[in-house]
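Visitor: no sequence for this one, just the structure:
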């Protein structure tokens, strides 16, 4: 499939001006910043210590003392959500980093070389694509036992072909442009052209994909932790909290409601941010019929 | 009694004025030419008549078609008019047809919708219409898909769709701009015949004064959304009383002043020896490919230093492929290319560096030939990459400033981004980039065909001036003979991958020998000739 | 057409072979001695040797792979260590739960998403579009297993309309079985439907900007017909791509959702196998799911050829 890329004719000031008018971007940015701030805050301060079990306080409903209630060990849900945010973000961020760091150069390289190199790389891509994160995580866990590291590797591996495909498709749309030919006529090598002309022009698209994968990474990490393939207790994680809540739905529904909302809000924020960036940078998206 | 009557039509899009008090009329059987440079509002006028304007558009005034007030008509009324009484043909034939539907379906669809005919009847009428536009059943059954047709053939399908129900009015918006001159002549002939057969009114929109003069009984000249002049074609163009009309006409016929300079003697600059370029065909089956497509077929020629040569031919004749091989951007399948006596063929990028320093390129599209993310300084300085010693930043700025000055831009433009320039200015930037290394050869691929006539005249002047001043040899690739005539000493005519004729420019253009050259020259619209013909017809 | 199909088929088969090598390498070569891993630290040397012989681990790696891969082709997945029955029997009795669940979810998601996408694209920028896309934006952010918990809370705990988990088996009748799959299917489908609706909408809007849409309108077709006859089919290509991807996500989702609803599907099987270190079962289930993803991708490639005549080549 061919991909059409419109390169916006704007400088930073124009883009910022648009960003301040884009509601989706502003909302997404505010939510994402809030979640990040909470995660950072959790390193220094949480309302209660999440490592201390206070059995006398177990499964308390939300109150002034415990805004989101407590779990079956008497731990404060709000504090656990704060620490869980740190964990979710770290896993998703590293996984996106792996995907981008390996996938983008591979995709750009495949597009620059074409021919057999492109074919082989894309077939390898298809191969990795056949292993959704959950399947990789199942295999890794079966061998090495469970842990947050598995989740990072499993999600990261699946991100590689995603970024490779996006980068390749976008780069292929840039390569036939005349400014690339002009650079070739100036004697520049394909690698240099990829770095100087191709990557800067596909960067925004990769950024948008990055926020999408980040959001998917948060969801995937929660899913893996939920089934016990990700972050292990006693380290609080959103997915694990939901697993603990499941059998106590009738007596302590707040144990399920609040961590779930934390996931929804984080993912929503990232998706809004991605939509906003795409909107701001893609002149076509706002063009009316 | 007019068929279409536009009275004081004004249009704004999102508050921006696009058209102001447009007056225009088309009578049955009459061809009205609507001429203007880009951004003059000609397409918007057409879309207003069709009521296919963008959603943010607001039109006022009066548009009457066949007694119906178009601006007040409901969407249902417009649907009944569109495709039945008013047909429309668009500029870009490659994208105007739905890729997943057969041409038969697409022509029959409008017939079925308007006449409630059965599928069989509609297909029979569609068949007749396709025959009429020159797509006979043997080669072009109804079951063909658009991707199996060429650009010219697709435009015929679009015309068949528009004329299937014998509309009273046909609107053709730059119907031949995307086609080469020979196809252009064929499509214009077809439109002319359809007008005569059905006593159809034709509103022909074009930027090309020569095309409109050949076709139109009356013309309306538009500029910045306002009518400059309107009336009888012969009278307006022979008189050229309005200053803007005169400016347009002169720019269309512009020939830069060039002193006959002696072409450098001695060793040839470029030597091309029996060069062939094959492209692999698409796969027929898993292991088999079709016979390779021969884009360039056993071509040989040479160019002297300082010589300006045009390479002309129809689209797809292989001229751009040949140019890319001369620039060592593409490798010949066989044959050799030498530049200043050194063989280019088969050399690595590092070995090509000395040659790259002495040859540069100017492309057609002033919008696509600059990386939008870089500033002018970096863009214009890009070819300095091939210099043995890279200049220091200060020296580099100096060189860029000098190159900008030479093409008529100010050194202050260095810190701007390409989007801050107009199309003509960008083409100047392109030229600045090409001359910064003081090359011996510049290959220019259709360098003025995307520009408005007045801008194009200026750019041609610039090319001519630099040829004189710097002694640069040009290889001009063009389908436009007026460009060849304007600034080249020699012409090579290319056809089906071969060079079929070569000679002095005036010689070839005035007395073509080969069939291919004759076809190109007869088909090329020529304002002088068109005006003479109009005057002759009217006595 | 045949050239395209053949090429795609060859790619699918090669990918399948490579994928089987990856699965084999990860689960049988990387651990060093799978028998020791399966039996744990307390196993005696004799026990390990016995299992090694049983699993044929003493043969060279290439032979072991060929033996295993040959077994897959004849649906012989080996014997489960913990259950002491052929793995294929275990898989078969779980598949009758997982497969209907995934298909129900896929069907539900498609049936919801495509009309919503069409509705939104044709009413772009108006209130209906804004509401639908706002809901979709929210839906994309909801993890399906949490959504499942909320559904259980609402429909099973509060309203007591459907069972909150468990599976009566198809022998108990089609209706009770379907009823117990309904909530899981909804939980899986809605978040996917949200993604699909967004893709459908944006693909349609992209297509509606194309020149041929203007040509169709210039023919006099009303907007509604242009949308149905010209836009929808062209917009199907990205939609089908996403549908194929979603199948992979749905399979993964099925595995997770089964744990929420205590459904005896492949998901339960594989997690039990992980806990019991039954590598043969893990290997078989993973291979089966990977094969499913590859086959679905091949089907997606086929459907491109149906939608897009350009891939079929000249007749």
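Guide: Nice, thanks for sending it over. Just so it is clear, the model here is predicted, and its values are computed rather than measured.
Visitor: Give the residue spans of chain A that score low on pLDDT.
Guide: Counting by pLDDT under 70, chain A has low-confidence residues at A:1-12, A:282-289.
Visitor: again but with chain B, I slipped
Guide: By pLDDT under 70, the low-scoring segments of chain B are B:1, B:259-266, B:282-289, B:539.
Visitor: go again using 80 as the cut-off
Guide: B:1, B:55, B:257-266, B:281-291, B:365-367, B:388, B:537-539 (pLDDT under 80).
Visitor: Find the closest residue to chain A in it.
Guide: Using C-beta to the nearest C-beta, the single residue of chain B nearest to chain A is residue B:419, 3.2 Å away. C-beta here means a position set from N, CA and C on the backbone, and glycine is covered the same way.
Visitor: any idea how far chain C is from that residue?
Guide: Distance of residue B:419 to chain C, given as C-beta to the nearest C-beta, to the nearest Å: 22 Å.
Visitor: Phi and psi next, for that residue.
Guide: Per-residue torsions, residue B:419: phi -70, psi -10 (degrees, to the nearest 10).
Visitor: do residue B:445 as well
Guide: Main-chain dihedrals, residue B:445, degrees, to the nearest 10: phi -100, psi 100.
Visitor: Tell me the bridge partners for it.
Guide: Per DSSP bridges, the residues bridged to residue B:445 are residue B:477.
Visitor: Report the contact partners of it.
Guide: By C-beta atoms under 8 Å, 6 or more residues apart in numbering or on different chains, the residues touching residue B:445 are B:320, B:323, B:361, B:362, B:363, B:364, B:477.
Visitor: Select only the buried ones of these in PyMOL?
Guide: The PyMOL selection below is limited to those of the contacts of residue B:445 classed as buried (16 or more other C-beta atoms under 10 Å in any protein chain shown):
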select buried, chain B and resi 320+323+361+362+363+364+477
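Visitor: I'd like the contacts of residue B:445 laid out as TSV, including distance to residue C:168 and secondary structure.
Guide: Shown next, in TSV, are those (distance: C-beta to C-beta, whole Å; DSSP: H, G, I helix; E, B strand; the rest coil):
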residue	distance to residue C:168	secondary structure
B:320	70	helix
B:323	75	helix
B:361	74	strand
B:362	76	strand
B:363	70	coil
B:364	71	coil
B:477	76	strand
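Visitor: tell me, how many neighbours does the residue of chain B closest to chain A end up with?
Guide: 15 (other C-beta atoms under 10 Å in any protein chain shown).
Visitor: Do I have it right that it meets residue B:372?
Guide: Yes. Look at residue B:419 against residue B:372 with C-beta atoms under 8 Å: they come within range, at 6.1 Å.
Visitor: of the contacts of residue B:445, closest to residue A:205?
Guide: Of all the contacts of residue B:445, residue A:205 sits closest to residue B:363, with 24.2 Å by C-beta to C-beta.
Visitor: how about that closest one, what does it touch?
Guide: With C-beta under 8 Å, 6+ apart, residue B:363 has these contacts: A:178, A:181, A:182, B:369, B:430, B:445, B:446, B:447.
Visitor: C-terminal to the helix or strand hosting residue C:248, what's the next element?
Guide: Per DSSP states H and E, residue C:248 falls inside helix C:232-261. Next along the chain after helix C:232-261, taking DSSP H and E as the criterion, comes helix C:266-275.
Visitor: which parts of that next one are buried?
Guide: Under 16+ other C-beta under 10 Å, the buried positions of helix C:266-275 are C:266, C:267, C:268, C:269, C:270, C:271, C:273, C:274.
Visitor: What is the nearest of these to chain B?
Guide: For those, the minimum distance to chain B (C-beta to the nearest C-beta) is 35.2 Å, reached by residue C:266.
Visitor: quick one: the closest one and residue C:94 touch, right?
Guide: Yes. Counting by C-beta under 8 Å, residue C:266 does reach residue C:94; the two are 4.7 Å apart.
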